[in-house]
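Colleague: kindly return the folded structure for what I paste below:
(one chain, ligands or ions: 1)
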Amino acid sequence: MSVLAAHLRQRISENGPLTVAEYMAEALGNPEHGYYMHRDPLGRAGDFITAPEVSQMFGELLGLWCADRWQAMGGPDPVNLVELGPGRGTLMADALRAAEGAPGFIDAVRLHLVETSPVLRAIQERAVGSHAPVWLDDLTDVPFGGPTLVLANEFFDALPVRQFEKWADGWHERLVDIDSDGFVWTVASQPTEDPPIPSPVRNSPDGSIAEVSPTSRGLINLLAARLVAAPGTALIIDYGHSESAVGDTLQAVKGHRYHDPLAEPGETDITAHVDFAVLASVAEAVGAAVHGPVGQGMFLETLGIGIRAEALAASAGSEQTVEIAAARRRLTDAGAMGSLFKAMAVTSPGLGTPPGF
Ligand code: SAH
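Modeller: This is a model prediction of the structure:
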């Protein structure tokens, strides 16, 4: 048994079952043994591949998007550029390289990387160290107040979710308990009073499972409030649904295969789909403007991935040309990442509609 599994068993035997959010927070973020804390999970040799790891085109288009949003704010110097969960730093390296074409932008950028993993921080240093990034554990540490651009790709899906099961007498929280062999699902015997279920799904049939992410709500609330107080734009790209819906979307991945989320805490990447409707309504309630979500495929096509792919192919060999075309399809086809993955922008009121929406 892993050290983390032993720690979780101890915690449950002393204090009772964990909520799914508590389990997920420990499995991913336990400071010593959490999944993200001691490995590079990305890429072919790792557990999963993200859009910036599929192709440089993704980060490049996002970099040009940032430069455009900076110009739309009047080209302020300095401008905070913040990335939440930058992984290997690939997206940011590609973005900053592409944005060099916008005069003054790179010199104005104050780069802030919100990252908890020491392993990934070291890899990010190698990717974008020349841009003097400042690393932060938490969005609350970012010095807001001035113009700000925020990028978050596959970040919100890693934030812990609570799950509730609908019974005749209300919503009962799903919990993680232990038996003699390992971790098992259980359900609280009493319904949760005033459960934080989005209103469109509150009256779902018995047996339905609803997911909510209090951490995501807190984060988008903070982000939106800051974008109301100072000019800026946040771009959130992730997999999830545009409208709140019931369903268990918790998944664990290891070595590019699905695993049981309870089988090896700390050794698998556990995620849940992002509820964009909830993020949008929280941001709008604070007074920020929301654009999208739109499918990643449409977003990237509108930003000109076709032109970028042609430009890359023009100076590539025939094998690379095939790879570039395959990467574009993977990022944009509805059957691949083009439709389940979505882009949503949250902006200061009055900044106008960003490109791609
Ligand atoms: N954006 C990158 C990586 C996605 S993986 C890409 O697209 O390739 C998720 C990233 O979020 C990792 O860098 C992980 O370490 C970070 N992360 C996860 N939970 C976090 C948290 N609570 N606070 C800060 N960073 C977190």
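Colleague: what helix or strand is the residue in the stretch 201-350 of the chain that the ligand sits nearest to on?
Modeller: Residue of the stretch 201-350 of the chain nearest the ligand, by Cβ to the nearest ligand atom: Thr215 (7.3 Å). C-beta: built from backbone N, CA, C; applies to glycine. Using DSSP states H and E, Thr215 falls within helix 214-229.
Colleague: helices or strands up against that helix?
Modeller: Here helix 214-229 touches helix 20-29, strand 148-153, strand 232-241, helix 276-286, strand 341-347, going by 3 or more Cβ pairs under 8 Å, 6 or more residues apart in numbering; DSSP states H and E.
Colleague: with only the CA atoms kept, save the shortest one in CSV.
Modeller: As requested, the backbone C-alpha atoms of strand 148-153 are provided in CSV (Å, rounded to 0.1, in the frame of the first residue of the first chain):
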residue,chain,number,x,y,z
THR,A,148,-4.4,41.4,-16.2
LEU,A,149,-4.6,38.5,-18.6
VAL,A,150,-5.3,35.0,-17.2
LEU,A,151,-4.9,31.6,-19.0
ALA,A,152,-6.2,28.3,-17.5
ASN,A,153,-6.0,25.2,-19.7
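Colleague: now check it, is it near the ligand?
Modeller: Yes - contact of strand 148-153 with the ligand (Cβ under 6 Å from any ligand atom) involves Asn153.
Colleague: quick check, pLDDT for Thr148.
Modeller: We have a pLDDT of 97 for Thr148.
Colleague: and the nearest residue to it once chain neighbours are set aside, how many neighbours?
Modeller: Nearest residue to Thr148 in three dimensions, chain neighbours excluded: Gly232, at 3.6 Å (Cβ to Cβ, 6 or more residues apart in numbering). Neighbour count for Gly232, taken as other Cβ atoms under 10 Å: 27.
Colleague: same check on the one 5 residues further on?
Modeller: Number of residues near Ile237 (other Cβ under 10 Å) recorded here: 28.
Colleague: residue contacts, it?
Modeller: 51, 152-154, 296, 299, 341-344 (Cβ atoms under 8 Å, 6 or more residues apart in numbering).
Colleague: re the thing from before, check the offset of the helix holding Thr215 from the chain's centre.
Modeller: 14 Å (Cα atoms, centre = their mean, to the nearest Å).
Colleague: specify the angle between it and strand 341-347 in degrees.
Modeller: 40 degrees (axes from the mean of the first three to the mean of the last three Cα atoms, to 10 degrees).
Colleague: enumerate the positions of helix 214-229 that are buried.
Modeller: If you call a residue buried by 16 or more other Cβ atoms under 10 Å, then helix 214-229 has these buried ones: 215-217, 219-224, 226-228.
Colleague: and of those, the nearest to Leu351?
Modeller: For the buried residues of helix 214-229, the residue nearest Leu351 by Cβ to Cβ is Leu227; the value is 8.8 Å.
Colleague: what sits against that closest one?
Modeller: 148, 233-234, 288, 346-348.
Colleague: near the ligand, which residues of this protein show up?
Modeller: 29, 36, 42, 50, 52-53, 85-87, 91, 114-117, 120, 153-155, 158.
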